[in-house]
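Visitor: What follows is a predicted structure for the sequence shown.
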Amino acid sequence: MNIHTYEKIWLVAALLLIVGFIATITYGSVGLGIAMIDDSEETIEPSELSEDERFSEPRVEQVGENEYEAYVVARTFIFQPDPIEIPAGSEVTFYVTSPDVIHGFSVVGTNVNTMVIPGEVSTMTAEFDEAGEYGIVCNEYCGSGHHNMEGQIVVVP
Ligand code: CUA
């Protein structure tokens with residue numbers, strides 16, 4: 001192996017290293033960009049829920065013929081509003097947040113099931129075709145009252 005070949009190998013190695021660094025930086029910043037976009041849309045200051053127009057009064061709003069939006073606050077150890085009342089045949093988008101600790105929002109017998117993290121708004125949509133009552137449970141351990149943290153969805157005929 002002469003010096004020329006030896007230098008070439010190092011040059012190639014150095015270039016690979018640089019390409020690797022650039023790829024890491026690019027990939028990393030793309031990831032960061034996505035996270036920041038999410039953050040800007042769905043974060044909320046937990047201590048200011050009472051001043052937030054969506055969550056100061058937890059409620060259900062009709063936004064279309066059969067479409068509703070439910071602004072739900074999960075807090076130790078209740079869900080608000082309770083019950084969440086909607087007519088049968090409606091599509092409901094839930095926006096759920098917490099002012100204190102991590103909770104769960106799980107509608108028994110449906111696939112609505114999410115973690116509720118202070119500072120974030122969990123969003124999911126579900127259809128309720130038939131009248132009935134659905135229990136809401138918290139499935140994240142949140143303290144002494146966790147096991148009694150329940151709510152209800154009442155689908156009226
Ligand atoms: Cu709230 Cu467990």
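Guide: Thanks, I have the structure now.
Visitor: Please list all residues in contact with the most centrally placed residue in the chain.
Guide: Central residue of the chain (Cα atoms, centre = their mean): Ser122, 2.7 Å from the mean position. Residues near Ser122 by Cβ atoms under 8 Å, 6 or more residues apart in numbering: 94-97, 105, 114-116. (C-beta placed from N, C-alpha, C; glycine too.)
Visitor: try 6 Å this time
Guide: With contacts defined as Cβ atoms under 6 Å, 6 or more residues apart in numbering, Ser122 is in contact with 96, 114, 116.
Visitor: how close does it sit to Tyr95?
Guide: Distance, Ser122 to Tyr95, by Cβ to Cβ, to the nearest Å: 7 Å.
Visitor: swap in Ala126?
Guide: Distance from Ala126 to Tyr95, by Cβ to Cβ: 13 Å.
Visitor: where does the chain have low pLDDT?
Guide: 1-3, 9, 16, 18-41 (pLDDT under 70).
Visitor: that older thread, for PyMOL, write the select line for the buried members of the contacts of Ser122.
Guide: Of the contacts of Ser122, the buried ones can be selected in PyMOL as follows, counting by 16 or more other Cβ atoms under 10 Å:
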select buried, resi 96+114+116
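Visitor: Out of the contacts of Ser122, the closest to the ligand would be?
Guide: The ligand lies nearest to Val116 out of the contacts of Ser122, by Cβ to the nearest ligand atom, at 7.9 Å.
Visitor: doesn't Asp100 make contact with the closest one?
Guide: No: between Val116 and Asp100 there is no contact, the gap being 10.1 Å when judged by Cβ atoms under 6 Å.
Visitor: what's the burial count for Phe77?
Guide: Burial measure for Phe77: 17 neighbouring residues, criterion other Cβ atoms under 10 Å.
Visitor: Pull the contacting residues for it.
Guide: Applying Cβ under 6 Å, 6+ apart, the residues near Phe77 are 145, 148-149.
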